[in-house]
Every structure is written in structure tokens, then in C-alpha cells.
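Undergrad: Here is a sequence with its predicted model. Questions after.
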Amino acid sequence: MKLTIASKLMSKWDQRFCNLAKFVADWSKDPNAKVGAVLFSKRGGDITVGYNGLPMGVEDSAERLGDKETKLEMIVHAEVNAIVAAGLRAHGATLYVWGKPVCARCAGPVIQSGIKRIVAFSPEMDDGKWKKSGEVAHEMFKEAGIEVDFYVDQESDSQQSQVEKPQAEPGATTTPAT
């Protein structure tokens, strides 16, 4: 993975925490969305993880997870799971999120917990319903004075652009569009 923030290679530690968030995302039993969060608190060097899933003690049956309406009502997002697990240690921490942009539903708990920095996918990278929610969350973070660094996986982007580019037939010539 080659992650960048504002077209610059991500720091070694940001890269490591994003990789950890990606790893944790795979723990989710949600068949449609794998989201992971890592909360790093410089006070004591605590690391707390969370992933999207049903609350503890609530059965995460395939039936519930397969019914979109029921799932969306019951699921706890990765960011909130990490914040709850961290408790007061979240204050002043950095939150790393993998899988989806941070949504408006999570923005409130993020702000209230005292998190100072977020490293996550840009809402612009999502063309679905999470784009609008991510944009609202970003606006909330700006108002609350939280630093937000959006990252891009350059390797995924280059692989995706290679897939999307039509390949010329061998021996064929192409002329640039004018």
C-alpha cells in the first residue's frame, strides 16, 4: 500500500496505524461494509481499535446483517466502537479510519470525545450515500477545530485507472483527442 496525504507520502506511523485499521476492518461480520478504526492516544501511547458490528451481547445473525434496514438501525460504527473502548483516553487522540469516510452520525461522538485529529478516506472518494454524510461530518470537524487529513491509496488508484483504461489492439495506433 502506498498511502498519501495531500499528494505527499504518509508518515511511517500514520501508515502503520492505517494498515492496522485496514486489518481490523476485516473483523467485521457485515457482508457489505468492512470498516476499521484505530484510536492512538499520545497520553500513555494507548491504542484502541474498533470495527463496525452489532453491540456486545446482540446476536449478529446473517439474517440481521443481510437485512439492510435492520442492520443500519442496529450497527455500531467502527469509530464509535473505538471511542467507547478508549473512554477518557480518546481525549486529544488521533483517529485512523479505513473503509469508508467518517459519517455525520459518527462526527458527534468524535467531537464530544475530544479527538484532535482524524486520518481517513475523503468523502470525495465515495460516490454513494456516504459522500454526503462524509461532507457534513467534515464541515462539523472544521467548525469544531479538529484537524482532518484525507488520504489516498496511490496503488489502488493506479490499479483502478489501469483497469478503467481501454487497451489498444496490438499494432493499433491511437491519436489523442483534441
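TA: Received it, and whenever you're ready, just let me know what you need.

Undergrad: what are the ranges of the helices in the chain?
TA: Along the chain, the segments classed as helices by DSSP state H run 12-25, 62-66, 68-74, 78-86, 104-113, 129-144, 154-164.

Undergrad: between those, which gets nearest to residue 45?
TA: Relative to residue 45, the nearest member of the helices of the chain by CB to CB is helix 12-25, separated by 11.2 Å. (Each C-beta comes from the backbone N, C-alpha and C, glycine too.)

Undergrad: Okay, residue 91 and residue 145: tell me how far apart.
TA: When CB to CB, to the nearest Å is the yardstick, residue 91 and residue 145 sit 14 Å from each other.

Undergrad: of those two, who's got more company?
TA: Set side by side, residue 91 and residue 145 give different neighbour counts by other CB atoms under 10 Å, the larger being at residue 91 (13 against 8).

Undergrad: Name the nearest residue to that one, sequence neighbours excluded.
TA: residue 114 (3.5 Å; CB to CB, 6 or more residues apart in numbering).

Undergrad: Any idea how many residues pack against the one you found?
TA: Neighbour count for residue 114, taken as other CB under 10 Å: 15.

Undergrad: before we move on, what about the one 4 residues further on?
TA: If you count neighbours by other CB under 10 Å, residue 118 ends up with 24.

Undergrad: Check the gap between it and residue 81 for me.
TA: Here residue 118 is placed at a distance of 15 Å from residue 81 (CB to CB).

Undergrad: For the helices of the chain, give me a markdown table that also has mean neighbour count and distance to residue 3.
TA: Compiled in a markdown table, those are given as follows (neighbours: other CB atoms under 10 Å; distance: least, CB to CB, whole Å):
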| stretch | mean neighbour count | distance to residue 3 |
| --- | --- | --- |
| helix 12-25 | 18 | 6 |
| helix 62-66 | 13 | 29 |
| helix 68-74 | 12 | 29 |
| helix 78-86 | 24 | 18 |
| helix 104-113 | 18 | 21 |
| helix 129-144 | 17 | 18 |
| helix 154-164 | 11 | 7 |
